[in-house]
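Engineer: structure, please.
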Amino acid sequence: MVRSWVPSKLRFTRRMVAAFAVLAGLFAVGPALAQGAIKETYGDWKLRCETPMGALGEQCTLEQYVVAEDYPGLFLRVSVYKATDGKMWFIRFLSPLNVMLQKEIDLLVNGESKGRLPFTRCAVVGCIATLANNEFIEQLKTSSGFSIIIYPTTDKGIGLPISLAGFAAGVENLP
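Structural biologist: Modelled structure (predicted):
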C-alpha cells in the first residue's frame, strides 16, 4: 500500500528559511554572479574576461543581462564566446529555474522564428541552453532585432528582447 503524506501545517525551520534566503539572494544579484572583470563595453554588451583555475590563458565572453519588466523573477543572461580553438562560436542562455524545460526557448531574429533551443542542464544559478552555430552569430551581427521567448508556464510565453546595440563590434573584438 502506498501512502502519500501531506502535512496539515507547513513548518519551516530556521535552517530552511536561511537556505531559501541564500537562493533568493543568488537570483536577486543575477549579473553579480558572473565571474571575471569587465574589460570593455560595446553598446548594451559587456566583454568579461577571466583566467579560470587550470586554464592556459584568459577566456572572454560577450554578455548581456535582461530582465522581464512585466514578469518578476524572469531574467536571461546571454553570453557569446568562441571555442578554445577559435573556430566555433557559441551563444549561451541562462534562465531562472522557474521555467518549463520541455517548452524550450524560442529564438526570433527580425521577428522571424529561427527555431527552438532545448535546455541542456540546470544548476543552482539557473537553466542553460547553448547553441553552437557560426552562421547564427553572423546573422545577429547584421540584424535589427533579436528576442527570446521563455515559458514560465506551459501556456504562457514571455518575450525578452535582446538588444543588438554594440553586438557586431563586441563580437569582432572578442579575443
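Engineer: output stretch 128-145 as CSV - backbone C-alpha positions only.
Structural biologist: Extracted C-alpha coordinates of stretch 128-145, given in CSV (Å, rounded to 0.1, in the frame of the first residue of the first chain):
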residue,chain,number,x,y,z
ILE,A,128,21.3,26.6,-19.6
ALA,A,129,20.6,26.4,-23.3
THR,A,130,23.6,26.6,-25.7
LEU,A,131,23.7,27.0,-29.5
ALA,A,132,27.0,26.3,-31.4
ASN,A,133,26.4,28.0,-34.8
ASN,A,134,28.8,30.4,-36.6
GLU,A,135,26.1,31.4,-39.1
PHE,A,136,23.6,32.4,-36.4
ILE,A,137,26.2,34.7,-34.8
GLU,A,138,27.0,36.2,-38.3
GLN,A,139,23.3,36.8,-38.8
LEU,A,140,22.9,38.5,-35.5
LYS,A,141,25.7,40.9,-36.4
THR,A,142,23.6,42.4,-39.2
SER,A,143,20.2,42.0,-37.7
SER,A,144,18.0,44.8,-36.3
GLY,A,145,16.0,42.7,-33.8
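Engineer: next, the buried residues of it.
Structural biologist: I128, A129, T130, L131, F136, I137, L140 (16 or more other C-beta atoms under 10 Å). C-betas here are computed from N, CA, C, even on glycine.
Engineer: and which of the residues you listed is nearest to V109?
Structural biologist: L140 (6.7 Å; C-beta to C-beta).
Engineer: for that closest one, give its distance to L101.
Structural biologist: 24 Å (C-beta to C-beta, to the nearest Å).
Engineer: going on from the least confident helix or strand in the chain by mean pLDDT, what's the next piece of helix or strand?
Structural biologist: Lowest mean confidence among the helices and strands of the chain (mean pLDDT, DSSP states H and E): helix 14-28, at a mean of 40. For helix 14-28, the following helix or strand on the C-terminal side (DSSP states H and E) is strand 37-42.
Engineer: what's near enough to touch the residue nearest to the spatial centre of the chain?
Structural biologist: The geometric centre of the chain, computed from its C-alpha atoms, lies nearest to L94 (C-alpha atoms, centre = their mean), at 2.1 Å. L94 makes contacts with L76, R77, S79, V125, G126, C127, I128, as judged by C-beta atoms under 8 Å, 6 or more residues apart in numbering.
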